[in-house]
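Student: build the 3D model from these lines:
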Amino acid sequence: MAYLALYRKYRPTTFDGLIGQEHIVKTLVNQIQNGRLGHAYLFTGTRGTGKTSAAKIFAKAINCLNPINGSPCEQCECCRAIANPSNLDVIEIDAASNNGVNEIRDLREKVQYPPVSCKYKVYIIDEVHMLTGAAFNALLKTLEEPPKHAVFILATTEVHKIPATILSRCMRFDFRLISNDKIAQLICKIYDEQGKKYDKEAVFAIAKAGEG
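Tutor: Next up is the predicted model:
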């Protein structure tokens, strides 16, 4: 069996596993349960606070056929389809390396096509602040008149670099730094599951070094 890095093995796949962002989880879950979704979301905050993980969970949850307390069940046809790397309904774009207007124009053309196996086609654009000015203008046109089946999740560590025209069309969520206690608890849990011994003082030092 191929080795699976710990950060991938323990990356949360449901909202229950997303620590330190209860204010965001509550709002997203309420939207899912009430069926009142927006078409554009902005997740902003320091690296490592859970923005991309939350985006992936949300993308799966809004398509899940049998959500459990707002989280994806991970068992239904849509959850399994999205978990497949060849899935075409949840598209992740790294704006740091795909930041030109041509890439966004390509997105604008393809977003018109309906999802293949799910209800929504979700675009997760990471480090969105890296887009060029022309690319932002192209993205703005899509955000102004998005297809009903499209949901955009923009993630950034530098929200001040995003044009006001883009910000005004997104529902903004600010991810907080995570407390040392919560990080330490998670590290202890992982050590326990791995069957490894540890010193609590050392674990807290590791958590503190993570800087939230």
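
Student: SS state for Phe152?
Tutor: Secondary structure assignment for Phe152 (DSSP: H, G, I helix; E, B strand; the rest coil): strand.

Student: that one against Val128, yeah?
Tutor: No - Phe152 is beyond contact range of Val128, at 9.4 Å (criterion: CB atoms under 8 Å). In short, each C-beta sits where N, CA and C put it, glycine included.

Student: looking at those two, which is more packed in?
Tutor: Counted by other CB atoms under 10 Å, Phe152 and Val128 do not tie: Val128 has more neighbours, with 30 against 24.

Student: so what's that one up against?
Tutor: By CB atoms under 8 Å, 6 or more residues apart in numbering, the contact set of Val128 is Ala95, Leu154, Ala155, Thr156, Ile162.

Student: okay, it: pLDDT?
Tutor: As predicted, Val128 sits at a pLDDT of 96.

Student: for the one 4 residues further on, same thing?
Tutor: Turning to Thr132, the model gives it a pLDDT of 94.

Student: where are the low-confidence patches of this structure?
Tutor: 1-2 (pLDDT under 70).

Student: repeat that for 90
Tutor: Judged by pLDDT under 90, the chain has its weakly predicted residues at 1-11, 35, 83-87, 96, 98-99, 117.

Student: need the residue closest to the centroid of this structure.
Tutor: Ala55 (1.6 Å; CA atoms, centre = their mean).

Student: alpha carbons of the helix or strand in which it is found, as PDB, please.
Tutor: Assigned by DSSP states H and E, Ala55 belongs to helix 51-61. Extracted in PDB, the C-alpha atoms of helix 51-61 (Å, rounded to 0.1, in the frame of the first residue of the first chain):
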ATOM      1  CA  LYS A  51      -9.500  27.600   4.400                       C
ATOM      2  CA  THR A  52      -8.900  25.000   1.700                       C
ATOM      3  CA  SER A  53     -10.100  22.200   3.900                       C
ATOM      4  CA  ALA A  54     -13.300  24.100   4.600                       C
ATOM      5  CA  ALA A  55     -13.800  24.800   0.900                       C
ATOM      6  CA  LYS A  56     -13.400  21.100   0.000                       C
ATOM      7  CA  ILE A  57     -15.800  20.000   2.800                       C
ATOM      8  CA  PHE A  58     -18.400  22.700   1.700                       C
ATOM      9  CA  ALA A  59     -18.100  21.700  -1.900                       C
ATOM     10  CA  LYS A  60     -18.900  18.100  -1.000                       C
ATOM     11  CA  ALA A  61     -21.600  19.000   1.500                       C
END
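
Student: next one: the closest residue to Cys188 other than its chain neighbours from Gly210, what distance?
Tutor: Sequence neighbours aside, Val203 is the residue nearest to Cys188 in space, at 5.8 Å (criterion: CB to CB, 6 or more residues apart in numbering). Computed as CB to CB, to the nearest Å, the Val203 to Gly210 distance reads 11 Å.

Student: and what of Pro163?
Tutor: 32 Å.

Student: ditto for Ile68
Tutor: 30 Å.

Student: now do Asn87
Tutor: The value you get for Asn87 to Gly210, if CB to CB is used, is 31 Å.

Student: next helix or strand past the longest helix along the chain?
Tutor: In the chain, with assignment by DSSP state H, the single longest helix is helix 180-194. On the C-terminal side of helix 180-194, the closest following helix or strand by DSSP H and E is helix 200-209.

Student: for that next one, list the C-alpha coordinates in PDB.
Tutor: Taking Å, rounded to 0.1, in the frame of the first residue of the first chain, the C-alpha atoms of helix 200-209 are listed here in PDB:
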ATOM      1  CA  LYS A 200       2.700  16.900  26.900                       C
ATOM      2  CA  GLU A 201       5.100  19.800  27.400                       C
ATOM      3  CA  ALA A 202       6.800  19.000  24.100                       C
ATOM      4  CA  VAL A 203       3.400  18.800  22.300                       C
ATOM      5  CA  PHE A 204       2.500  22.200  23.600                       C
ATOM      6  CA  ALA A 205       5.800  23.600  22.400                       C
ATOM      7  CA  ILE A 206       5.000  22.200  19.000                       C
ATOM      8  CA  ALA A 207       1.600  23.800  19.100                       C
ATOM      9  CA  LYS A 208       3.000  27.100  20.200                       C
ATOM     10  CA  ALA A 209       5.600  27.000  17.300                       C
END
